[in-house]
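Enquirer: here you go, sequence then predicted model.
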Amino acid sequence: MVQVGCGDIATTGHLPALDRSPAVTLVGVVDVVAEHRDAAAAAYGVPAWTELGPAVAAGARAAVVAVPPHVAPSLTLAAIDAGLDVLCEKPMAVDLASARKVHDAARAAGRIVQIGFKNRFSPLVRAARRWLDDGLIGSPAVYTLGGFDERYDAADTVHVGRIQEFLAHGPSYLHEGAHLADYLAYLTGATPVRVRATGVRSQPRFHGENFVSALVDYANGDAARMEVGWFFPSSPKGEFRILGPRGVALIDRPEQVATLTTRDDDGTLRTEEVRFERPWNDECFDRQLAHFAECVRTRAEPETSTAAGLASLRLGAAVTESLREGTVVVW
Ligand SMILES: NC(=O)c1ccc[n+]([C@@H]2O[C@H](COP(=O)([O-])OP(=O)(O)OC[C@H]3O[C@@H](n4cnc5c(N)ncnc54)[C@H](O)[C@@H]3O)[C@@H](O)[C@H]2O)c1
């Protein structure tokens, strides 16, 4: 395996997961910035390169691509061309045309390309899915999903530069909302049918809308309010709530607990709780990587395939269009 892109999420998520995994061996790292690739190479005792060629020569059969999403399609296509399977970060691109190229190329070449929707691998999200599947929440359901992070600290020029680069290629929802869109895809499989969104650039210096709120109607009658807020002085706790006629599910990510509250026909209130001690990200990155390794071994379609990546990006593009044009986007 080769790690392509040795920035923040590679350093904090992918490389530690690769290091822990019994299923893969890291043969080296690739990055265009010497400081980034050298630091990763030193930390894991592997060679550092500026491009994929030497990694393939060194025996890499798969790549983790964790570069900014406007760069990701060209590197994922290069990896597919080089005969590698790919675990690519989300969003898989910032525009649908580039994402489709990756999807088509992976299909044509018979390569496994998995998109990094790691959060759906959380045991707490799996519990919510089980409750929905068992009819404990009921239908139609109303989802409230929020993600607030990337706290603004003007003195942290590296962080500000990274987030500004993301915002220059799309509002915060296009990036962080990719996970929120994927939660719904995973939990219900329903297709969005209508999107209304609004967005705010809370300081003129920001390169895009750092706050986005979207209302999404789904074909099965479910509805969702999704919010992403970046670059505020502090980050409120994100929301994960499902309201249904039979039950209410909440996921408290910082507390690492999922709770289901239901009421029996005789009025008795019941609560079920799933707690998880291990840090969310460690668990999600490990499970995501194990799934990728298994798909590479068996040649099975990943759960978070390029089709899932395209579906998530389609919602991201509709949210962007709605907030920028002031329109309701109908599928
Ligand atoms: N799954 C998650 O929870 C999660 C969390 C954070 C970020 N991400 C995603 O991961 C991706 C990377 O984010 P990040 O925060 O690590 O960004 P980053 O800017 O910290 O890191 C990106 C790295 O890619 C390198 N790079 C850029 N162009 C390159 C090229 N052509 N070839 C090789 N290397 C190149 C940069 O030098 C940098 O080291 C983004 O798509 C982001 O949305 C996912």
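Expert: Structure's in. What do you need?

Enquirer: helix/strand/coil for Val195?
Expert: Classification of Val195 using DSSP: H, G, I helix; E, B strand; the rest coil returns strand.

Enquirer: how much space separates it from Phe206?
Expert: 23 Å (Cβ to Cβ, to the nearest Å). To be clear about C-beta, it is placed using only N, CA and C from the backbone, and glycine gets the same treatment.

Enquirer: between these two, tell me which one has more neighbours.
Expert: Remark: of Val195 and Phe206, Val195 carries more neighbours, 24 against 20, as counted by other Cβ atoms under 10 Å.

Enquirer: does Phe148 belong to a helix or a strand, and which?
Expert: Using DSSP states H and E, Phe148 maps to strand 142-149.

Enquirer: would you mind writing the CA trace of whatever helix or strand comes next after that strand as CSV?
Expert: Counting by DSSP H and E, the element after strand 142-149 in chain order, helix or strand, is helix 157-168. This file holds the C-alpha atoms of helix 157-168, laid out as CSV (Å, rounded to 0.1, in the frame of the first residue of the first chain):
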residue,chain,number,x,y,z
THR,A,157,-1.9,29.8,9.2
VAL,A,158,-1.5,26.2,8.2
HIS,A,159,-5.0,25.3,9.2
VAL,A,160,-6.5,28.5,7.8
GLY,A,161,-4.7,27.9,4.5
ARG,A,162,-6.0,24.4,4.3
ILE,A,163,-9.6,25.3,5.0
GLN,A,164,-9.5,28.4,2.8
GLU,A,165,-8.3,26.1,-0.1
PHE,A,166,-11.3,23.8,0.5
LEU,A,167,-13.7,26.8,0.6
ALA,A,168,-12.3,28.1,-2.6
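
Enquirer: and helix 157-168, average pLDDT?
Expert: The average pLDDT within helix 157-168 is 98.

Enquirer: chain center to that helix, what's the gap?
Expert: 18 Å (Cα atoms, centre = their mean, to the nearest Å).

Enquirer: and it, what's buried?
Expert: Within helix 157-168, the residues scored as buried using 16 or more other Cβ atoms under 10 Å are 159-160, 163-164, 166-167.

Enquirer: what is the strand holding Phe148 packed up against?
Expert: helix 172-188, strand 223-230, strand 240-243 (3 or more Cβ pairs under 8 Å, 6 or more residues apart in numbering; DSSP states H and E).

Enquirer: near the ligand, which residues of the protein?
Expert: The interface of the chain toward the ligand, taken as Cβ under 6 Å from any ligand atom, is made up of 4-10, 30-33, 36, 66-69, 71, 75, 89-90, 116, 118, 162, 175.

Enquirer: quick check: PyMOL command selecting the buried ones in these.
Expert: To isolate in PyMOL the members of those that are buried, counting by 16+ other Cβ under 10 Å, one can use:
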select buried, resi 4+5+6+7+9+10+30+31+36+66+67+68+69+71+75+89+90+116+118+175
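
Enquirer: out of the helices and strands packed on strand 142-149, which is the most enclosed?
Expert: Mean neighbours per residue, mean count of other Cβ atoms under 10 Å, is largest over those for helix 172-188, with a mean of 25.

Enquirer: quick one on the thing from earlier: sheet partners, orientation included, of the strand holding Phe148?
Expert: Paired strands of strand 142-149, with direction, are strand 223-230 (parallel), strand 240-243 (antiparallel) (DSSP bridges).

Enquirer: turn the ones you listed into JSON lines, columns for mean pLDDT and distance to Ala293.
Expert: What follows is the strands paired with strand 142-149, written out as JSON lines (pLDDT from 0 to 100; distance: least, Cβ to Cβ, whole Å):
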{"stretch": "strand 223-230", "mean pLDDT": "98", "distance to Ala293": "30"}
{"stretch": "strand 240-243", "mean pLDDT": "98", "distance to Ala293": "28"}
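
Enquirer: turn the ones you listed into JSON lines, columns for distance to Leu96.
Expert: Below are those laid out as JSON lines (distance: least, Cβ to Cβ, whole Å):
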{"stretch": "strand 223-230", "distance to Leu96": "19"}
{"stretch": "strand 240-243", "distance to Leu96": "27"}
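
Enquirer: looks like Ser305 contacts Ile115 (just checking).
Expert: Yes. Proximity of Ser305 to Ile115 meets the contact threshold set by Cβ atoms under 8 Å, at 7.1 Å.

Enquirer: the two - which one has more neighbours?
Expert: Ile115 (32 against 19).
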